[in-house]
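Visitor: Next come a sequence and a model predicted from it.
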Amino acid sequence: MTTLRNLPSVEQLLQTETTAQLIARFGRPLTLDALRQTLDEIRARFKLNPEAGLPSNESILTQAESTLTAWAASTLHPVINATGVILHTNLGRAPMSEATIHAMGVVSRGYSNLEFDLETGKRGSRLIHAESILQKLTGAESALVVNNCASAVLLTLSALANKKRVVIARSQLVEIGGGFRVPDVMKQSGAKLVEVGTTNKIRVSDYQSALEESVALVMRAHRSNFKIVGFTEEPDFKDIVDAAHTAGVPVVDDLGSGALYDTAKYGFSHEPTVQESMQAGADVILFSGDKLLGGPQAGIIIGKKVLLDKIKKHPLARAVRADKACLAGLSATLTHYLKDEAEREIPIVKMMSLTLKQVKGRAEAWRDELGQGSVVEGQSTVGGGSLPDESIPTFLLELQVKSAEKFLRGLRKNNPPIIARTENEKILLDPRTVLPEQEGALLVGLKNLLRN
Ligand SMILES: *Cc1c(COP(=O)(O)O)cnc(C)c1O
């Protein structure tokens, strides 16, 4: 009769050639852990059901190997975005340019002059690295890069408005997503909210009345992910800035997506740009690095030197500072704008600027390669809390499948996973967001699934 005594010991398994190979691949401590866990699982199963017997040594080691593979596998890996949502927050927002990836790799691989002044040989400041290029691009007096735009908002308000009053329009007390609520972040910073206007209407006079009392800041938060339509009124940002400046109060503009170019050029509506906010006279402007800018995750703060100096000195600045890879990558992305080559080099700008003819050509090539499906008109969107409700025309490859739900699941199980959309039980794939170097993998994945 088979008993647990027939089960090999860890020591016995260690004598096998297969285990030697596992140790070479995964290291000894992890392999030992996996062997012990596998034997424990087998013992537990055997006690529940002795009739099933014990697995062979070979099958024990196969089980240990899959445990090891799972333990050592990163849970974060590339996917193919065929959804047509250009800045898909759940899929990591902006893919980065070659030069950006290269710059991040170079500083990650070795040492750098991150906080070292090569001129004097003394300690330098990490703050200077993206600063000069941001000054050059935007004309701002000073700049600071932090971890993301959410921390830029928290830091700026903490440094400039702790225990002080901050005026903001009711219509801008928004939730950006991921639980980031403008009023909550403002409270977190210690600022006292002074809400003005109503949900749909706000006038300069609302600001002016609020400014009659002592106020530290006027803030504008961009309504990134929704629109107010119908019976609405909102003053020009320039007029709000003028009212604040007349009262001697600085204006902080949380732009969110922070476009440096006009999105209207690509068929979307106009998204407020960093340059426009500068021209209107905003004193501090905040925006993300990985939204419409198309770079690494970062929060960019630009503006007047006196205010930026206060922000840089606040203790939170240290807690939310950008790391060297971010600073190097952001500089590389910003350089594309400086050299007027964003459309050619920055993936998300390239995606937006693809012509309908180019998108259609790719969808047709996919159809021809697969020998099935049809090319249909559709819409691509920006997403990522930018340009709400906005889409531009695109062409999609539409596939007829037995069960759309099952097919989508199959696509997600592909290596690399393919993320697509469905409509009316059909699979829709948008070439706009599929990186050219991923097209081969996409077609192989689709072919395999369509064959079954
Ligand atoms: C997206 C957004 C943020 C947060 O930016 P992250 O870089 O995601 O932290 C803050 N404010 C506005 C207006 C935004 O649109």
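Guide: Sure, I can see it.

Visitor: Now this protein against the ligand: closest residue?
Guide: Distances between the chain and the ligand by Cβ to the nearest ligand atom are smallest at residue 256, namely 2.2 Å. Every C-beta, even on glycine, is put in place using the N, C-alpha and C of the backbone.

Visitor: Count residues in the vicinity of residue 5, would you?
Guide: 6 (other Cβ atoms under 10 Å).

Visitor: pLDDT wise, what is it at?
Guide: The model reports residue 5 with a pLDDT of 91.

Visitor: who's in contact with stretch 320-329?
Guide: Stretch 320-329 is contacted from outside by 96, 100-101, 103-104, 106-108, 112, 114, 126, 129-130, 145-147, 151-152, 154-155, 289, 295-299, 330, using Cβ atoms under 8 Å, 6 or more residues apart in numbering.

Visitor: Also near the ligand: which of these, exactly?
Guide: residue 299 (Cβ under 6 Å from any ligand atom).

Visitor: Now restrict the contacts of stretch 320-329 to buried residues only.
Guide: Buried residues within the contacts of stretch 320-329, counting neighbours by 16 or more other Cβ atoms under 10 Å: 96, 100, 103-104, 107, 112, 126, 129-130, 145-147, 151-152, 154-155, 289, 295-299, 330.

Visitor: buried stuff in the host helix or strand of residue 36?
Guide: According to DSSP states H and E, residue 36 maps onto helix 28-48. By neighbour count on 16+ other Cβ under 10 Å, the buried set for helix 28-48 is 30, 31, 32, 33, 34, 35, 38, 39, 42, 46.

Visitor: Show me the longest strand that occurs in this structure.
Guide: Secondary structure of the chain per DSSP state E: the longest strand is strand 386-400.

Visitor: Neighbouring strands - and their directions - for that one?
Guide: Sheet pairing of strand 386-400 (DSSP bridges) gives strand 374-383 (antiparallel), strand 426-429 (antiparallel).

Visitor: for the worst-scoring helix or strand of the chain on mean pLDDT, the distance to its chain's centre please.
Guide: Least confident helix or strand of the chain, by mean pLDDT, DSSP states H and E, is strand 175-177 with a mean of 77. Its chain's average C-alpha position is 14 Å from that of strand 175-177, according to Cα atoms, centre = their mean, to the nearest Å.

Visitor: now stretch 58-78
Guide: With Cα atoms, centre = their mean as the basis, stretch 58-78 stands 28 Å off its chain's centre.

Visitor: what sits up against that stretch?
Guide: With Cβ under 8 Å, 6+ apart, stretch 58-78 has contacts from 8, 13, 16, 18-19, 22, 25-26, 30-31, 34-35, 37-39, 41-42, 55, 416, 438.

Visitor: Just the C-alphas of that stretch, formatted as PDB.
Guide: Extracted C-alpha coordinates of stretch 58-78, given in PDB (Å, rounded to 0.1, in the frame of the first residue of the first chain):
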ATOM      1  CA  GLU A  58       9.100  13.700 -12.300                       C
ATOM      2  CA  SER A  59       5.700  15.100 -11.800                       C
ATOM      3  CA  ILE A  60       6.600  16.500  -8.400                       C
ATOM      4  CA  LEU A  61       9.500  18.400 -10.000                       C
ATOM      5  CA  THR A  62       7.300  19.700 -12.800                       C
ATOM      6  CA  GLN A  63       4.900  21.000 -10.100                       C
ATOM      7  CA  ALA A  64       7.800  22.600  -8.300                       C
ATOM      8  CA  GLU A  65       9.000  24.200 -11.500                       C
ATOM      9  CA  SER A  66       5.700  25.800 -12.200                       C
ATOM     10  CA  THR A  67       5.600  27.200  -8.700                       C
ATOM     11  CA  LEU A  68       9.100  28.600  -9.200                       C
ATOM     12  CA  THR A  69       8.200  30.100 -12.600                       C
ATOM     13  CA  ALA A  70       5.200  31.800 -11.000                       C
ATOM     14  CA  TRP A  71       7.200  33.100  -8.100                       C
ATOM     15  CA  ALA A  72      10.000  34.500 -10.300                       C
ATOM     16  CA  ALA A  73       7.700  36.000 -12.900                       C
ATOM     17  CA  SER A  74       7.000  39.700 -12.800                       C
ATOM     18  CA  THR A  75       3.300  40.500 -12.600                       C
ATOM     19  CA  LEU A  76       4.000  43.600 -14.700                       C
ATOM     20  CA  HIS A  77       4.600  43.000 -18.300                       C
ATOM     21  CA  PRO A  78       3.900  44.500 -21.700                       C
END
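
Visitor: could I have the longest strand of the chain exported to CSV, CA atoms only?
Guide: This file holds the C-alpha atoms of strand 386-400, laid out as CSV (Å, rounded to 0.1, in the frame of the first residue of the first chain):
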residue,chain,number,x,y,z
SER,A,386,-7.7,64.2,-21.1
LEU,A,387,-10.2,65.4,-23.7
PRO,A,388,-13.5,64.0,-22.2
ASP,A,389,-16.0,62.6,-24.7
GLU,A,390,-13.6,63.3,-27.5
SER,A,391,-12.8,61.0,-30.3
ILE,A,392,-11.3,61.1,-33.8
PRO,A,393,-12.3,58.9,-36.7
THR,A,394,-10.3,55.7,-37.2
PHE,A,395,-10.5,52.4,-39.0
LEU,A,396,-11.0,49.1,-37.1
LEU,A,397,-10.5,45.5,-38.0
GLU,A,398,-13.8,43.8,-37.1
LEU,A,399,-13.8,40.1,-36.4
GLN,A,400,-16.8,37.9,-36.3
